[in-house]
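Student: Sequence and predicted structure below; questions after.
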Amino acid sequence: MSSSSPGLCEHWLRGRGRAGGMVGAILCAVLAVVVLSACGFRPLYGPASDNGSAVADLAAVTVERIDDRPGQELRNQLVDLLNPGRLQVPVRYRLDVKLKEELNELAVERSGFATRANLRVEATYVLYAAGDTAPLVHNHSRVVSSYNIGDSRFSTLTANEAARSQALRQIAYDIRGRLASYFAASPASAAPAGS
């Protein structure tokens, strides 16, 4: 908003003194809560979510082994993100992830040497109910991470590893967010039979 047309909360807070400012702040907070609840907003991870099951469902996911060193790194991040409190819950879901990498060198100088590279990392993941072969979720997550190609082989290798770690971290957060959304949107259908 422009300074010539202040918002409703700004109007209440401006020039009311300390007591008026507190009342205005409280009114703004109440207004925000009413507006958010009216639009269907619900917390995803908090106890006020429908049945508080998104966190429990995420904790009940076991991440299958992923090949290679980048796969191990992604698996470790997923394990930490899906169950950060290390809740002791029975496994009800299993997550199968396949990783694929592609490196493209860009910004070629006149000498023919590349000075920039894009590392494209793609994860294909499938969520299953434990002991079932029918997928509950099947999706992809892709991240492109760029880095400079230096004169030193060591600096280029370090930049490549940092770009890979950044991409894997983003993919892990993306997968966790999508799984949490799935569990929050369909708590009845997300629960495997017999649980």
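Tutor: Nice, thanks for sending it over.
Student: what residues are up against Glu101?
Tutor: Glu101 is in contact with 70, 119-122, 164, counting by C-beta atoms under 8 Å, 6 or more residues apart in numbering. All C-beta atoms are positioned from the backbone trio N, CA, C, and that covers glycine.
Student: From the residues you listed, list the buried ones, please.
Tutor: Taking 16 or more other C-beta atoms under 10 Å as the criterion, what is buried in the contacts of Glu101 is 70, 119, 121-122, 164.
Student: what's the closest of the residues you listed to Ser145?
Tutor: Proximity of those to Ser145 (C-beta to C-beta) peaks at Leu119, which lies at 5.0 Å.
Student: Could you list which of the contacts of Glu101 belong to helices?
Tutor: 70, 164 (DSSP state H).
Student: Output the contacts of Glu101 in TSV; the columns should cover distance to Tyr147 and pLDDT.
Tutor: Formatted as TSV, these follow (distance: C-beta to C-beta, whole Å; pLDDT from 0 to 100):
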residue	distance to Tyr147	pLDDT
Pro70	15	96
Leu119	7	96
Arg120	12	98
Val121	13	98
Glu122	18	98
Arg164	9	97
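Student: The contacts of Glu101 into JSON lines, with extra columns for distance to Leu78?
Tutor: JSON lines is the format used below for the contacts of Glu101 (distance: C-beta to C-beta, whole Å):
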{"residue": "Pro70", "distance to Leu78": "13"}
{"residue": "Leu119", "distance to Leu78": "19"}
{"residue": "Arg120", "distance to Leu78": "20"}
{"residue": "Val121", "distance to Leu78": "14"}
{"residue": "Glu122", "distance to Leu78": "15"}
{"residue": "Arg164", "distance to Leu78": "15"}
